[in-house]
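Peer 1: Okay, sequence plus prediction incoming.
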Amino acid sequence: MWIMVGGPYTSGARDAAERQKNLDAMNGAAMAVFQKGHVPIIGVNLALPIIAVAGEDRFDEIMMPISLAAAERCDAFLRVGDPSVGADQERDSFIARSLPVFHDPGDIPDISTRER
């Protein structure tokens, strides 16, 4: 499965170091998804390089549209971390399509030993 990992990035973060801490938590969860044999996707990781080129002032214009577009192509969602309006929007797109939403990497089926 392609599993989107979502959690806070800017929510609750007062500065760049706290945003990085939030991103590190999502990337750590993505590693757990990968170790179970799935493909992890993080919308923030898709959007940040484009925002870097476009400029920080276009953050809101770019971040959620890219994240939500990626969510439409994934098979399941892993919600991590603290409150986040954006991550909850991503999660809600999976719920609306009756796709799995996980809250712990341990709940994701392990297919790493099966042939893909």
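Peer 2: Cool, the structure landed.
Peer 1: do you know how far residue 74 is from residue 101?
Peer 2: 11 Å (CB to CB, to the nearest Å). C-beta: built from backbone N, CA, C; applies to glycine.
Peer 1: intersection of neighbour lists for these two?
Peer 2: residue 94 (CB atoms under 8 Å, 6 or more residues apart in numbering).
Peer 1: Show me which residues of stretch 32-52 are buried.
Peer 2: Going by neighbour count (16 or more other CB atoms under 10 Å), the buried part of stretch 32-52 is 32-33, 36, 38, 40-45, 47-48, 51.
Peer 1: if I pick residue 108, what's in contact with it?
Peer 2: Contacts for residue 108 (CB under 8 Å, 6+ apart) come out as 3, 32-33, 36, 38, 76, 78, 102.
Peer 1: ok, 6 Å please
Peer 2: Shown in contact with residue 108 (CB atoms under 6 Å, 6 or more residues apart in numbering): 36, 102.
Peer 1: what ranges of this protein fall below the confidence cut-off?
Peer 2: 114-116 (pLDDT under 70).
Peer 1: residues in contact with the closest residue to residue 31 other than its chain neighbours?
Peer 2: Excluding its sequence neighbours, the residue lying closest to residue 31 (CB to CB, 6 or more residues apart in numbering) is residue 40, at 7.5 Å. Taking CB under 6 Å, 6+ apart, we find residue 40 in contact with 3, 5, 30, 33-34.
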